[in-house]
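Peer 1: only geometry, no sequence info:
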């Protein structure tokens, strides 16, 4: 009854991973960790997929957002898409002045490259109707 009944898809994108088949998971009960039946890693041959953000799991890989949008377009017959979250976290550096904190070149670069890849996906026919930025700072204890 619900198949195909959605009005749009909301996608969150933060990072990408390399994936390798893991047949060991084939005999386990499906869970968040085993459902994909693969090993996920953020590096290959000792090289990270991109620069690491404040969170240990978040690596910057702008091409991944374009790949996700194109995959979704193909797999789900070009649905209306909203990017409901996309962004990067950073360590809260309390030593910066207000002006220095506003000169946030890391975040500017992140959004520039991610939005450039979003624009490429739109040019390739993705029906993207909205984009919401996610901004957070991680407090250092």
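Peer 2: That came in fine, so what should we check first? In this text, all values refer to a predicted model and were calculated from it rather than measured experimentally. Numbering: from 1, shown residues only.
Peer 1: Please count neighbours and contacts with C-alpha atoms only from this point.
Peer 2: OK.
Peer 1: Which helix or which strand is home to residue 56?
Peer 2: According to DSSP states H and E, residue 56 maps onto no helix or strand at all.
Peer 1: Tell me, how many residues neighbour it?
Peer 2: Per other C-alpha atoms under 10 Å, the neighbour tally for residue 56 reads 8.
Peer 1: how near is it to residue 42?
Peer 2: As judged by C-alpha to C-alpha, to the nearest Å, residue 56 and residue 42 stand 10 Å apart.
Peer 1: cool, and residue 53?
Peer 2: 12 Å.
Peer 1: Show the average pLDDT along the longest helix seen in the chain.
Peer 2: Longest helix in the chain by number of residues (criterion: DSSP state H): helix 105-123. In this model, helix 105-123 carries a mean pLDDT of 96.
Peer 1: Ok, stretch 14-33 next?
Peer 2: Average pLDDT, stretch 14-33: 79.
Peer 1: Now it: buried residues?
Peer 2: 14, 15, 16, 17, 25 (16 or more other C-alpha atoms under 10 Å).
Peer 1: Quick one: distance of it to the chain centre.
Peer 2: Here the centre of stretch 14-33 is set off from its chain's centre by 18 Å, with C-alpha atoms, centre = their mean, to the nearest Å.
Peer 1: Show me the common contact partners of residue 53 and residue 42, please.
Peer 2: residue 59 (C-alpha atoms under 8 Å, 6 or more residues apart in numbering).
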